[in-house]
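Colleague: sequence below, structure please.
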Amino acid sequence: MADSRTYATGKRKTAVARVFLVPGTGNITVNTRTAEDYFVRETNRMVMRQSLELLELIDQYDVAATVAGGGHSAQAEAMRHGIARALCEIDPERRSSLKRAGFLTRDARKKERKKYGQPGARKRFQYSKR
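Modeller: Numbering: from 1, shown residues only. Predicted coordinates for the structure are as follows:
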């Protein structure tokens, strides 16, 4: 029996989303909870669904995702990235419209590390000449 689910990984900052797409009715599950329970803010739910809504496939696929790291906003964007990659794997024709919308680009901006002997990543102690 062939496995009909498609897997892709989405990333944003330190958040990682493992996304599984299965043909279905549009149910979205995040860490074994519904998307409405997991993402409290409506904007995060909207961001997460953007790649499906762009292609008008919101009611044709069930999404099961495991997210870890980062905050809720970064996790939602990581899910959008993973869903877009999975949709490209199912049908390569969709790649151009997803790429044009910017959903396939991995946003690699992360917090810069704090340097030793200094108070922050960029901040320096005040210079004293004498």
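Colleague: phi, psi of the most centrally placed residue in the chain?
Modeller: Nearest residue to the geometric centre of the chain (CA atoms, centre = their mean): residue 78, 1.1 Å. With angles defined as degrees, to the nearest 10, residue 78 sits at phi -70, psi -40.
Colleague: go ahead and confirm it touches residue 66.
Modeller: No. Residue 78 is not in contact with residue 66 according to CB atoms under 8 Å; the separation is 10.7 Å. Where you see a C-beta, it was placed from the backbone N, CA and C, and this is true even at glycine.
Colleague: who touches both of the two?
Modeller: Shared contacts of residue 78 and residue 66 (CB atoms under 8 Å, 6 or more residues apart in numbering): residue 17.
Colleague: ok, now which ones touch the residue nearest to the centre of the chain?
Modeller: 10, 11, 12, 15, 16, 17, 67, 70.
Colleague: bridging residues for the second one?
Modeller: Each beta-bridge partner of residue 11 is listed here: residue 16, as defined by DSSP bridges.
Colleague: could you count how many residues lie near it?
Modeller: Residue 11 is flanked by 19 other residues according to other CB atoms under 10 Å.
Colleague: cool, the last one as well?
Modeller: Residues lying near residue 70 (other CB under 10 Å) number 19.
Colleague: so who does the residue lying closest to it once chain neighbours are set aside touch?
Modeller: With sequence-adjacent residues excluded and distances taken as CB to CB, 6 or more residues apart in numbering, residue 70 is closest to residue 15, at 3.0 Å. If you count contacts by CB under 8 Å, 6+ apart, residue 15 has them with 67, 68, 69, 70, 71, 74, 75, 77, 78.
Colleague: quick one: low-confidence ranges for this protein?
Modeller: 1-3 (pLDDT under 70).
Colleague: so which residues of it form helices?
Modeller: 35-38, 42-54, 72-90, 95-101 (DSSP state H).
Colleague: let me have these in a markdown table, extended by distance to residue 29.
Modeller: Below are those laid out as a markdown table (distance: least, CB to CB, whole Å):
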| stretch | distance to residue 29 |
| --- | --- |
| helix 35-38 | 7 |
| helix 42-54 | 12 |
| helix 72-90 | 11 |
| helix 95-101 | 22 |
